[in-house]
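Peer 1: pasting the structure only:
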């Protein structure tokens with residue numbers, strides 16, 4: 001493999017990893033506060049793709065993007081209020097089963113409303129602009145994805161570490177009951193977590209589907225699982241860990257495809273999950289859990 005080809009594949013892998021990272025943050029934030037694996041998150045990402053298709057049919061791209069992102073956020077908050085909030089005091093298994101139910105509901109609802117035939121994702125003109133550097137040819141979206149991911153993560157970390165809502169999120173993640181006694185509005189804090197996670201998933205969907213150009217009802221299930229693996233790999237509950245995990249999986253997957261092992265690229269992700277759970281169950285950046293006496 002020549003240096004130019006290697007650089008081309010590396011850039012593609014970093015771009016894919018950036019999209020995975022944005023979706024993985026949603027998994028890790030919800031787990032950090034609710035101790036819930038939101039299995040519907042990948043399907044929210046898929047529905048966001050459909051929102052963009054219909055928004056672009058009615059509006060120019062600079063209006064369609066905010067409309068699709070707002071629709072994604074509203075969907076996430078409605079799911080949280082309808083499917084998760086009533087089970088707040090139920091056993092953890094109940095809320096996880098609810099998340100799986102929501103996932104299947106979204107997939108089947110999308111099949112019923114939009115049919116199983118893949119729909120063409122609209123082209124956002126400036127994102128598909130072709131750029132050439134030496135022997136490397138790439139689109140603007142491939143360059144923009146990792147940069148935008150890093151900028152959004154830095155802003156998110158600033159929000160979590162230096163704002164009142166961020167302080168509330170950190171408090172709720174440590175002890176929900178103590179936070180409620182201290183006057184923190186726990187339900188509002190959880191809703192804000194879903195808003196941020198769904199907003200990032202919506203941005204990730206734009207970047208991901210712009211490169212892949214089609215959306216179908218199950219197009220969020222496999223990327224969603226890969227992003228869950230990315231969150232576990234980095235240490236679920238750790239935002240920087242989710243980002244690093246997303247980049248690792250994106251780069252590894254791209255190089256496996258480039259080397260002719262595309263058949264095994266998906267299996268590799270789940271093999272990586274098994275290995276990380278065996279070697280370091282808390283992930284690369286996860287903290288070891290301690291039992292309170």
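Peer 2: In hand now; what should we look at? These numbers come from a predicted model, not from an experiment. Numbers count the residues shown, from 1 in each chain.
Peer 1: tell me how far the longest helix seen in the chain is from the chain's mean position?
Peer 2: In the chain, taking DSSP state H as the definition, the longest helix is helix 3-34. On the basis of C-alpha atoms, centre = their mean, to the nearest Å, helix 3-34 sits 9 Å off its chain's mean C-alpha point.
Peer 1: surely residue 247 meets residue 18?
Peer 2: Yes: assessed by C-beta atoms under 8 Å, residue 247 is found in contact with residue 18 at 7.1 Å. For every residue, glycine as well, the C-beta is placed using N, CA and C.
Peer 1: so what sits against both of the two?
Peer 2: Common contacts of residue 247 and residue 18 (C-beta atoms under 8 Å, 6 or more residues apart in numbering): residue 146.
Peer 1: helices or strands up against the longest helix of the chain?
Peer 2: helix 41-58, strand 136-139, helix 140-162, helix 164-174, helix 186-212, helix 221-234, helix 239-258 (3 or more C-beta pairs under 8 Å, 6 or more residues apart in numbering; DSSP states H and E).
Peer 1: helices or strands up against the fifth one?
Peer 2: With contacts taken as 3+ C-beta pairs under 8 Å, 6+ apart, helix 186-212 sits against helix 3-34, helix 41-58, helix 61-79, helix 140-162, helix 164-174, helix 176-181.
Peer 1: again with the shortest one
Peer 2: Counting contacts by 3+ C-beta pairs under 8 Å, 6+ apart, the secondary-structure elements packed against strand 136-139 are helix 3-34, strand 130-133.
Peer 1: for the last one, packing partners?
Peer 2: Packed against strand 130-133, as judged by 3+ C-beta pairs under 8 Å, 6+ apart, are the following elements: strand 136-139, helix 140-162.
Peer 1: I'd like the ones you listed laid out as CSV, including mean neighbour count and distance to residue 284.
Peer 2: Conversion of the helices and strands packed on strand 130-133 to CSV gives the following (neighbours: other C-beta atoms under 10 Å; distance: least, C-beta to C-beta, whole Å):
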stretch, mean neighbour count, distance to residue 284
strand 136-139, 15, 28
helix 140-162, 16, 16
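Peer 1: by mean pLDDT, show me the worst of those.
Peer 2: Looking at the helices and strands packed on strand 130-133, the lowest mean pLDDT belongs to strand 136-139 (a mean of 80).
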